[in-house]
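Asks: return a 3D structure for these sequence lines:
(4 chains)
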4 protein chains.
Amino acid sequence: MSGNTFGKVFQLTTFGESHGAAIGGVIDGCPSGIELDLQAIQKDLNRRKPGQSAIVTQRKEPDEVQFFSGIFEGKTTGVPIGFAIFNTNHKSRDYDHIKDQYRPSHADKVYDDKYGVRDYRGGGRSSARETASRVVAGAIAKQFLPDVKFTAFVSSVGDIKLDKPYHNLDFDFIEQNPVRCPDPEKAAEMEDYIKKIRKEGDTVGGVITGVIQNVPIGLGEPVFDKLHAELGKAMLSINAVKGFEYGSGFEGAQKRGSDHNDLYNTDGTTKTNHAGGIQGGISNGMDIYFNVAFKPVATIMQSQKTINNKGEQVDMQGKGRHDPCVVPRAVPIVEAMAALVLADFTLLNRTIKK
Amino acid sequence: MSGNTFGKVFQLTTFGESHGAAIGGVIDGCPSGIELDLQAIQKDLNRRKPGQSAIVTQRKEPDEVQFFSGIFEGKTTGVPIGFAIFNTNHKSRDYDHIKDQYRPSHADKVYDDKYGVRDYRGGGRSSARETASRVVAGAIAKQFLPDVKFTAFVSSVGDIKLDKPYHNLDFDFIEQNPVRCPDPEKAAEMEDYIKKIRKEGDTVGGVITGVIQNVPIGLGEPVFDKLHAELGKAMLSINAVKGFEYGSGFEGAQKRGSDHNDLYNTDGTTKTNHAGGIQGGISNGMDIYFNVAFKPVATIMQSQKTINNKGEQVDMQGKGRHDPCVVPRAVPIVEAMAALVLADFTLLNRTIKK
Amino acid sequence: MSGNTFGKVFQLTTFGESHGAAIGGVIDGCPSGIELDLQAIQKDLNRRKPGQSAIVTQRKEPDEVQFFSGIFEGKTTGVPIGFAIFNTNHKSRDYDHIKDQYRPSHADKVYDDKYGVRDYRGGGRSSARETASRVVAGAIAKQFLPDVKFTAFVSSVGDIKLDKPYHNLDFDFIEQNPVRCPDPEKAAEMEDYIKKIRKEGDTVGGVITGVIQNVPIGLGEPVFDKLHAELGKAMLSINAVKGFEYGSGFEGAQKRGSDHNDLYNTDGTTKTNHAGGIQGGISNGMDIYFNVAFKPVATIMQSQKTINNKGEQVDMQGKGRHDPCVVPRAVPIVEAMAALVLADFTLLNRTIKK
Amino acid sequence: MSGNTFGKVFQLTTFGESHGAAIGGVIDGCPSGIELDLQAIQKDLNRRKPGQSAIVTQRKEPDEVQFFSGIFEGKTTGVPIGFAIFNTNHKSRDYDHIKDQYRPSHADKVYDDKYGVRDYRGGGRSSARETASRVVAGAIAKQFLPDVKFTAFVSSVGDIKLDKPYHNLDFDFIEQNPVRCPDPEKAAEMEDYIKKIRKEGDTVGGVITGVIQNVPIGLGEPVFDKLHAELGKAMLSINAVKGFEYGSGFEGAQKRGSDHNDLYNTDGTTKTNHAGGIQGGISNGMDIYFNVAFKPVATIMQSQKTINNKGEQVDMQGKGRHDPCVVPRAVPIVEAMAALVLADFTLLNRTIKK
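Replies: Presented below is the predicted three-dimensional model:
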């Protein structure tokens, strides 16, 4: 109810603030009998963790996950998987200055308004550190669905945009550059731009594209829990996300039906895929693809005017080690959320027929 | 679980196919003591119903709602509100031709794939007729929140787009033109374009903008159930929707932090509102605004190649009376879904503090 | 959330007050492809309905169910099944006297306290008439599980009790007597006693025993959603129920482990069945059996002192046509709730293994 | 969905097997601003822990809880409270003999049947050790409801039963004897009996009575989520429970309405309280009281015939350190579950009225 649980059958509940003892979660409803590759889980965590390259925050957080339950002799047992990532790098002093002050475009003030109390260190619960727990669960969801291929990549940074459709890109290049952009030229351009932005003490937004391939037909529920509605919610729940579109998206809203309709091949596939792999909320077996817009990180290394909790105007200077652009590190989070959605609907889909 | 229920506390469960006996639903968790204006509910239904103007489908469906329970002496009693809209205009014969054939870009085939059986008349459960039940519940949610102002309007049709920000528009003009566009010139242009499209037997997509004003601070839950994540899911669950963005949206992804951050006034409001009224998933009291992209209606009055349920290629000609553009009638649906989300979070927010 | 929905996958949501326009509900998550025997559903409703014999209330309510959706050409389609039973026999005047007065041991006062408003006619939402909707859904759940045998019968009325274990009883006799007791002698004794009680203007409680046979192994979830915990909740949610025990029940609490343990046969069945077919919350394939205690009906045809909504003492005389003993008519309700629980866990159990 | 979460608003999700790294859980929806007395939480854990007296298992488990999140400067912050109790006393070798063998009246076999895999050490997830997490959450729920008084005590062991109603007992004596029985004479008798049973290598069942006092009026939801239905489910979900009754319970089923009805005093209280403080599923402000039946512990120190996972008959001898009678240690678990139910309904009840 309080929004710390995601999914209906394959459920993740997370806990933890960025500067508390630990973050972590419970995965309930993960089927039994999955042989877990723990290194693959850690690998996804490493793709998200700070300090991994020159264009992300230089904080050092090892982000090593410890499992407490639900795994026995290397296999899931069908009971809850409890896990934690202990916080080791608390520079809480970096945050003393925001104890009584509200950072612009952060959640500090609304937390105080809503709860009357706030763990102000590092953003507390609103910190993107929480997403590490999602990456753990998503990595397990991927292993539950070994045939489905989840890919995400950076498709724009500021106004530098990929101009090729995803099927003309080399996905193998994604992890070979720090931006996680599959186009070598654009990747270099984006990397330079992010470095320039950081030098200016500024930040910049970007877009991540997700592609899900080899999706079974029939996932998703009619009406409220359409597959793309849950995917959209999943993505919009990631910190800093401002928009979601799938298939033809906002561009599709300009088209005519005669252009936009996807005509069938006789094998049931479609000649085009404006639908983005989903019809009426249900997967049709074609690729699912979608875009997720991320705003620029709110913490900038420039002086800003803001207010304190007495409503007085104060000057604030960004401190600590922050990302100049969030999208490179958000790529595994997008994949994780996509995997959680598909794992959930895959299980739910087993209950549909007599 | 099967996705026919929306909301956690203020819950709507819907049932019904377009050509069955009735559509309807149950609203559970609506607080007691609300004096209901039944005419206001019917008025919203009329804004959605077919045949209301020259640019929408000419089907005749009175869409009169009957309440079965939960209302006593004009007031809600706190127990479930059951209701139905009986279907009176079944031209099921219009659909005989799709019994065995799959309309392009419709859900016919995936329903057969998923369930092994399908009520093929009028799209069955995947018909947008289901949204009439949402409008009923949304109209009640609005009455629960009399201080919150929900406005939606058409901001683009095809490539004709509003170029003014919402606060420069005259919302009073929305219901004075059949397109439901608040700009008189653009409205006329859009109307002409829709008529032209219809004459060509074609359809066109569009965008609806939603604005929620006078929102209490503190609505929305951290992490998975962020206010904008639920709003996004709500909108993406409406038939034909391909995208959702709020606040600065996809454009915000191009910006720098120094441009994008919303600086505070000393009263806690912000000088700009790129945030779209939501920080960290929680309403901050500023206006919430968002865009919803609708694809063109898939049923066109042109011949298309498609396949039947044996995988054979067949020719199909659109029949029946369909909308050339869905956005004018979808405006009250967007409002209804927004109202359901806010009603739910308003109730949930009562449980947050000691 | 507001407690008008039962089940997680196979879900029933009900609405309706006893003297409103209709009662009914929505069954969501019922699998597609079930050929429905509508007469079997009506038959279960008839077993619950008033006026069926000389020892139950003589109100006339035909209780005919109308289905609105989710059934096409005789089969379930996997989408929500909406249904209603229209109320035809509103003698609301019978209830005018309780508009301002609180009947002893009824829910009148707590409804006023909780909601601030109450549909006082016939108990409104707290009327046992609501259970007719459960019988509809339960009858469909039974058809989803054709191999499982659900039996319920009256095992005591007042202090007249069956003294044989259920496997020594002839279940075929249950529906051949108005009490629904499988022992001819005890049935006659109970019937006479109920008639005597009614003549005295009084009422009496009783116990219903439920037996579920041919249960698949593995139903139920560890920890909170144990099979017997959900069965218990299901039974305790029926009007007038005061207790639930399964297997050895309260008697088992007196036993020693060496007496109580069920030793295995080599085929995995057990020599005794003190467990009542459930181990650790999970069905083990043996018969599930349980007892449900019902208090005496609160409305008696005798004068009682009570208070009105101003806290003044008043005299109250029972009016209308009420049951002297609720258990004969509650037998199909117990079966229905048992069937809903098993249908839900059967579907959920499909999601357990890789 | 998989049944490891309890509650709707005040939610507990638990994880952990008895011989894994840790057990623990996440409490979501706990309101902000509660000053937590951590010692009171540990005190309840100590009342549940092994080795506390001569009549319980002599295993040594310190059961110290560590909190990871959701508490800041001594107060709850409204975000999830993650916690763990690390397992320190793994004598897993005690369980090697049950790797391939099924203990009679344990869940070993159904786990293998259901999941195809099982953590056999100490019963894995079906171990009563899981209830320590419930005690943690229940202790916090009690602190959220400081005015409500939760009391539980042992009212029978084998056939030794308390013969006084609860209001004639001295609750202060409960914690002054190892049985947790408020009657000194009966407590001594029960203690002797348990010691005798243990010497014989046997076990015995018992009954715990719960009393909830100073309950606000209006808690509980009509129809499926009646207050007593949730209480019943909560109790039936505790390991070894076979039955639940509240108010007049099974005895009430023998009574006449004229005896059983609770007549009102002019202040709205009732002269008698057969209702057990709940009318129509909603608390009426009178004491809630209920009985919970526990079967004898299945692990006995005697040789029993059983089968292995090949269906072969084998001899089994109980090993390890087990409770001869579970009820003394289950008293704080009953209180905890009662507190969780009331905390949840208290929050939910804030959403009922306009």
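Asks: which bits of the stretch 51-200 of chain A sit near chain C?
Replies: Proximity of the stretch 51-200 of chain A to chain C is confined to A:76, A:78-79, A:144 under the rule CB under 8 Å from any CB of the partner chain. For glycine as for every other residue, the C-beta is placed from the backbone atoms N, C-alpha and C.
Asks: out of the residues you listed, which are close to chain D?
Replies: Okay, of these touching chain D (CB under 8 Å from any CB), that's A:76, A:78-79.
Asks: any residues touching stretch A:167-184, and which ones?
Replies: A:47, A:52-56, A:151-155, A:157, A:162, A:164, A:187-188, A:190-191, A:194, A:287, A:327-328, A:331 (CB atoms under 8 Å, 6 or more residues apart in numbering or on different chains).
Asks: that one: which residues count as buried?
Replies: Within stretch A:167-184, the residues that count as buried by 16 or more other CB atoms under 10 Å in any protein chain shown are A:169, A:174, A:177-183.
Asks: ok, so of the residues you listed, who is nearest chain D?
Replies: residue A:180 (29.6 Å; CB to the nearest CB).
Asks: shouldn't that closest one be within a strand?
Replies: No - membership of residue A:180 in a strand is not supported by DSSP: H, G, I helix; E, B strand; the rest coil, which gives coil.
Asks: where does it land on pLDDT?
Replies: Note on residue A:180: pLDDT of 98.
Asks: report the secondary structure state of residue A:130.
Replies: Assigned with three-state DSSP, residue A:130 falls in the helix class.
Asks: type out the ChimeraX command that picks the buried ones from the contacts of stretch A:167-184.
Replies: With 16+ other CB under 10 Å as the burial test, the buried ones among these are selected in ChimeraX as follows:
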select /A:47,55,56,151,152,153,154,155,157,162,187,190,191,194,287,327,328,331
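Asks: and chain D, which of the contacts of stretch A:167-184 contact it?
Replies: With CB under 8 Å from any CB as the criterion, the contacts of stretch A:167-184 include none near chain D.
Asks: list the buried residues in stretch A:124-133.
Replies: Burial within stretch A:124-133, assessed by neighbour count using 16+ other CB under 10 Å, is assigned to A:124-133.
Asks: could you pull out the helices in the stretch 101-250 of chain A for me?
Replies: In the stretch 101-250 of chain A, the helices defined using DSSP state H, counting those that start in this stretch lie at A:108-115, A:131-144, A:184-199, A:227-236, A:249-252.
Asks: the last one near chain B anywhere?
Replies: Yes - Helix A:249-252 is in contact with chain B by CB under 8 Å from any CB, via A:249-250, A:252.
Asks: adding pLDDT, neighbour count and distance to residue D:321, write the residues you listed out as CSV.
Replies: Converted to CSV, the residues of helix A:249-252 next to chain B look like this (pLDDT from 0 to 100; neighbours: other CB atoms under 10 Å in any protein chain shown; distance: CB to CB, whole Å):
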residue, pLDDT, neighbour count, distance to residue D:321
A:249, 98, 22, 63
A:250, 98, 21, 66
A:252, 98, 23, 67
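Asks: can you tell me which of the residues you listed is nearest residue A:63?
Replies: Ranked by distance to residue A:63 (CB to CB), these are led by residue A:249 at 32.8 Å.
Asks: contact partners for the closest one?
Replies: Neighbour list for residue A:249: A:276, A:290-291, B:242-243, B:293 [criterion: CB under 8 Å, 6+ apart].
Asks: let's see that with 7 Å instead.
Replies: Residues near residue A:249 by CB atoms under 7 Å, 6 or more residues apart in numbering or on different chains: A:291, B:242-243, B:293.
Asks: mind checking which of those land in strands?
Replies: The strands, defined by DSSP state E, take in A:291, B:242-243, B:293 from those.
Asks: how close does residue A:51 sit to chain D?
Replies: With distances taken as CB to the nearest CB, to the nearest Å, residue A:51 is found 23 Å from chain D.
Asks: and that residue, how many neighbours?
Replies: Residues contacting residue A:51 under the criterion other CB atoms under 10 Å in any protein chain shown number 15.
Asks: what pLDDT does it get?
Replies: 88.
Asks: phi, psi for it please.
Replies: According to degrees, to the nearest 10, the main-chain angles of residue A:51 amount to phi 80, psi 10.
Asks: need the three-state assignment for the residue of chain A most remote from its centre.
Replies: For chain A, the largest distance from the centre (CA atoms, centre = their mean) belongs to residue A:266, which lies 36.5 Å off. Judged by three-state DSSP, the three-state class of residue A:266 is coil.
Asks: excluding covalently adjacent residues, which one is nearest to it?
Replies: Distances taken as CB to CB, 6 or more residues apart in numbering or on different chains place residue B:311 nearest to residue A:266, at 5.1 Å, with adjacent residues excluded.
Asks: circling back to that earlier point, please flag which of the residues of the stretch 51-200 of chain A next to chain C sit within helices.
Replies: residue A:144 (DSSP state H).
Asks: including distance to residue C:209, pLDDT and neighbour count, could the residues of the stretch 51-200 of chain A next to chain C go into JSON lines?
Replies: As requested, those are exported to JSON lines (distance: CB to CB, whole Å; pLDDT from 0 to 100; neighbours: other CB atoms under 10 Å in any protein chain shown):
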{"residue": "A:76", "distance to residue C:209": "39", "pLDDT": "98", "neighbour count": "24"}
{"residue": "A:78", "distance to residue C:209": "33", "pLDDT": "97", "neighbour count": "28"}
{"residue": "A:79", "distance to residue C:209": "33", "pLDDT": "97", "neighbour count": "34"}
{"residue": "A:144", "distance to residue C:209": "42", "pLDDT": "98", "neighbour count": "20"}
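Asks: just the ones of the residues of the stretch 51-200 of chain A next to chain C in strands?
Replies: Using DSSP E, those in strands are residue A:76.
Asks: from the residues of the stretch 51-200 of chain A next to chain C, which two are the most distant?
Replies: Greatest spatial distance in those: A:79 and A:144, 15.1 Å, computed using CB to CB.
Asks: burial check on the closest residue to residue A:131 other than its chain neighbours, number of neighbours?
Replies: Among residues not flanking residue A:131 along the chain, residue A:333 sits closest, at 4.8 Å (CB to CB, 6+ apart). The number of residues packed near residue A:333 is 27, by other CB under 10 Å.
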